[in-house]
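*Asks:* Here is my input, please return the structure:
(2 chains)
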There are 2 protein chains.
Amino acid sequence: MTVSATARRTVRVDLGDRSYDILIGPGLIAAAGREIALRLKGRKIAVITDEHVAPLYLDGFMAALKAEGIDAVSLVLPAGEKTKSFEHLISVCDSVLAARIERNDAVVALGGGVIGDLTGFAAGIVRRGSRFIQVPTSLLAQVDSSVGGKTGINSPHGKNLIGVFHQPDLVLADTDVLDTLSPREFRAGYAEVAKYGLIDKPDFFAWLEGNWQAVFAGGEARIEAIATSCQAKADVVAADERENGQRALLNLGHTFGHALEAATRYDSARLVHGEGVSIGMVLAHQFSARMNLCSPDDGKRVEAHLRAVGLPTTMGEIPGSLPPAEVLMDAIAQDKKVKAGKLTFILTRGVGQSFVADDVPQSEVIAFLKEKLPT
Amino acid sequence: MTVSATARRTVRVDLGDRSYDILIGPGLIAAAGREIALRLKGRKIAVITDEHVAPLYLDGFMAALKAEGIDAVSLVLPAGEKTKSFEHLISVCDSVLAARIERNDAVVALGGGVIGDLTGFAAGIVRRGSRFIQVPTSLLAQVDSSVGGKTGINSPHGKNLIGVFHQPDLVLADTDVLDTLSPREFRAGYAEVAKYGLIDKPDFFAWLEGNWQAVFAGGEARIEAIATSCQAKADVVAADERENGQRALLNLGHTFGHALEAATRYDSARLVHGEGVSIGMVLAHQFSARMNLCSPDDGKRVEAHLRAVGLPTTMGEIPGSLPPAEVLMDAIAQDKKVKAGKLTFILTRGVGQSFVADDVPQSEVIAFLKEKLPT
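*Replies:* Residues are numbered from 1 along each chain as shown, chains lettered A, B, ... in the order given. Just a heads-up that it's a prediction; the model follows:
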């Protein structure tokens, strides 16, 4: 299926003098040189990518830059979560400095969330902040991690514990690249798309229930879903850039999800992030129903949709055994601050009516997990 | 000489919701627990210091925290410029995370500029930004590096090339600790004090000419000099936090100075930073006179004062041989952007009348250096 260039959408992230555009549509890697040249004063770029993405898109991207007279160097890193380390951060900083990238030049992340988080962090610290462009190549990165300026690496003490807020100057979300994703990767990214409906857009969630096949097939519906997701995230980020309040809503499903990721030791054969979020969102609705905040039917509706697209929705679907409820609770408590036995959690009053609850009793969470864990 | 507690001065750095106080005066290490407890919600602190400072002040500082019920851990790093590296950044981040320092707790830098820059950088990236308190123990750190939020480490490509802007929440400048500095260290810090007069405070420079002995002796005059310096820097930082314009004036004397530091390979036996700044400020005035911007008498006046306090004022005073003018010019060009043979430089129209010049011909700088280099 081909899509006309008019299908291209632009979402503006409104952050004063640090505002930027997210361009969404087909053919944006081929058009990258022109879009970047329009916005960048400098003529030098360092492109950071990984060994999965490089064979598919690096040559085309470099050619697009060259065609506009932009001088570019590239660095190809190993693929995978382990790349979000100080070791690779040092090598990215070194490459950028060796290429003599100056104030008006830019660093580009060409890849998924790992490359985006690592490269954004490096851009945020080289010369105390360099220009940064995101070219996300996974659905998850296009609708979530490439927007909003959170960057970072992992520590032995936990995920994403070292990093900075550093907003990109431009995001180019080429929807053509999504055709090369595995169905499992696409579904995992889709969990974050559905999340925006569940946070505060019930109409969008209903639209996804009716149009998800078209979103998976590609074309206009997919672009619409991505643009709506980016706009939703842009609105939240513009209102609360540094997560002092409402930005926490973006963590819907993530508290349970992160605990499950930790419990499976981030083994992507067992569970990837989006799958953890899918199960986590169902659990958040079920737990809200248990707390008499919403109807059990809301949980059933969410579960039915995520199951229909092929996502896991119960802890029983995770291959291998899971630790007991108390151990999962410890993983949750490591992530969140526990005050006098109370947790902060994203709960909901129904589809599209989520809110930040800061008084969730730890004992209730443990009892709930015991019920839901497979026996 | 003892100074009454009423001698304590407070300078406010006005940065909206990130504003903070600099407290200046005697006895502030002993009073640190109370001053911190007044301002901090949390009750946990990680103190980063070095092996020169630790034997002198760490026990007293930890005791002051304990007396106020603040739970503190400490990390002692090697002293010296080499500590501003990724290796030590990683160990600071790890200590802070291992101590489970949370959002309302704080990281403290107890030391000179190296410890302040490194620790501030770590605080800026742990959990994407943690609270940070500076307790500067050198004159240079009290009047310059602890104020303004520039943090960072060195790279093989150059000094301070990796870092973030991260403002402290509080600066405690205990003027008692200056009594343990060597005369050479104190003089080096004094170069930065004189700099504030030369930038835009001719009355302050005249006051220093008349009162420098009292400043070196300690007591009220010293506190006055430090407070005036901190206020001067606070005003510049409040107006231009991220150095898009006038903050560059703080680099008066630093362009020549950095080139001399590089030429002596940062060998502190030959030249320390403040000495490079002293020679650099004299050169900046002499070069301005050569460009017919100010009178040669201004250069002579600046030189006479810096020489009176015991600072070097000519390149000939640096032990060992210096590279030729062209090599010094290369070091300057690495630091500064050169556009079509023109450099950006801080020049002056007279004492206290410095300005940012962005059209300095490289050829003039080389000819000037050739004249001034010892033969």
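
*Asks:* which residues of the stretch 251-375 of chain A score low on pLDDT?
*Replies:* For the stretch 251-375 of chain A, the stretches with pLDDT under 70 are A:335-340.

*Asks:* Only C-alpha atoms, please: export the helix or strand harbouring A:His305 in PDB.
*Replies:* A:His305 belongs to helix A:296-308 when assigned by DSSP states H and E. Written as PDB, here are the backbone C-alpha positions of helix A:296-308 (Å, rounded to 0.1, in the frame of the first residue of the first chain):
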ATOM      1  CA  PRO A 296     -15.100  -5.100  36.500                       C
ATOM      2  CA  ASP A 297     -16.500  -4.700  32.900                       C
ATOM      3  CA  ASP A 298     -13.800  -2.000  32.200                       C
ATOM      4  CA  GLY A 299     -11.100  -4.500  32.900                       C
ATOM      5  CA  LYS A 300     -12.800  -7.100  30.700                       C
ATOM      6  CA  ARG A 301     -13.100  -4.600  27.900                       C
ATOM      7  CA  VAL A 302      -9.500  -3.600  28.100                       C
ATOM      8  CA  GLU A 303      -8.400  -7.200  28.300                       C
ATOM      9  CA  ALA A 304     -10.600  -8.200  25.300                       C
ATOM     10  CA  HIS A 305      -9.100  -5.600  23.100                       C
ATOM     11  CA  LEU A 306      -5.500  -6.300  24.000                       C
ATOM     12  CA  ARG A 307      -6.100 -10.000  23.600                       C
ATOM     13  CA  ALA A 308      -7.700  -9.400  20.200                       C
END
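
*Asks:* and A:Gly42, what does it touch?
*Replies:* A:Gly42 makes contacts with A:Ile101, A:Glu102, A:Arg103, A:Asn104, A:Asp105, A:Ala106, A:Arg131, as judged by C-beta atoms under 8 Å, 6 or more residues apart in numbering or on different chains. For the C-beta atoms, the positions are set from N, CA and C on the backbone; glycine is no exception.

*Asks:* Let me see the contact set for A:Pro312.
*Replies:* A:Leu271, A:Glu275, A:Ser278, A:Ile279, A:Ile318.

*Asks:* Could you pull up phi and psi at the closest residue to the second one other than its chain neighbours?
*Replies:* To tie it back to what came earlier, the one meant is A:Glu275. The spatially closest residue to A:Glu275, leaving aside those adjacent along the chain, is A:Pro312, at 5.2 Å (C-beta to C-beta, 6 or more residues apart in numbering or on different chains). A:Pro312 adopts backbone torsions of phi -70, psi 150, taken as degrees, to the nearest 10.

*Asks:* can you check A:Arg128 too?
*Replies:* phi 50, psi 40.

*Asks:* That one contacts B:His166, correct?
*Replies:* No: using C-beta atoms under 8 Å, A:Arg128 is not in contact with B:His166, being 9.4 Å away.

*Asks:* So which bits of chain A are right by chain B?
*Replies:* A:86, A:90, A:93-94, A:97-98, A:102-103, A:121, A:124-129, A:150, A:152, A:155-158, A:161-165, A:242, A:337 (C-beta under 8 Å from any C-beta of the partner chain).

*Asks:* Strands of the stretch 1-150 of chain A, residue ranges please.
*Replies:* A:9-13, A:20-25, A:44-50, A:71-77, A:106-111, A:131-136 (DSSP state E, counting those that start in this stretch).

*Asks:* of all the ones you listed, which lies closest to A:Met291?
*Replies:* Of all the strands of the stretch 1-150 of chain A, strand A:9-13 sits nearest to A:Met291, with 34.1 Å by C-beta to C-beta.

*Asks:* The closest one pairs with which strands, parallel or anti?
*Replies:* strand A:20-25 (antiparallel) (DSSP bridges).

*Asks:* So if we follow the domain assignment, how does chain A break up?
*Replies:* A:5-180, A:237-372 (automatic domain parsing).

*Asks:* could I get the strands of the stretch 1-150 of chain A as TSV with distance to A:Phe204, mean neighbour count and mean pLDDT?
*Replies:* Shown next, in TSV, are those (distance: least, C-beta to C-beta, whole Å; neighbours: other C-beta atoms under 10 Å in any protein chain shown; pLDDT from 0 to 100):
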stretch	distance to A:Phe204	mean neighbour count	mean pLDDT
strand A:9-13	14	17	96
strand A:20-25	16	22	96
strand A:44-50	31	24	97
strand A:71-77	35	18	97
strand A:106-111	27	29	98
strand A:131-136	20	26	98
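
*Asks:* Mind putting the ones you listed into CSV with distance to B:Ala248?
*Replies:* Below are those laid out as CSV (distance: least, C-beta to C-beta, whole Å):
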stretch, distance to B:Ala248
strand A:9-13, 29
strand A:20-25, 26
strand A:44-50, 23
strand A:71-77, 27
strand A:106-111, 23
strand A:131-136, 20
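
*Asks:* check contacts around the closest residue to chain B within the stretch 101-250 of chain A.
*Replies:* Here the stretch 101-250 of chain A gets closest to chain B at one residue, A:His157, 4.1 Å apart by C-beta to the nearest C-beta. Contacts for A:His157 were tallied using C-beta under 8 Å, 6+ apart; they are B:Asp94, B:Leu97, B:Ala98.

*Asks:* Fine by me, we can end here.
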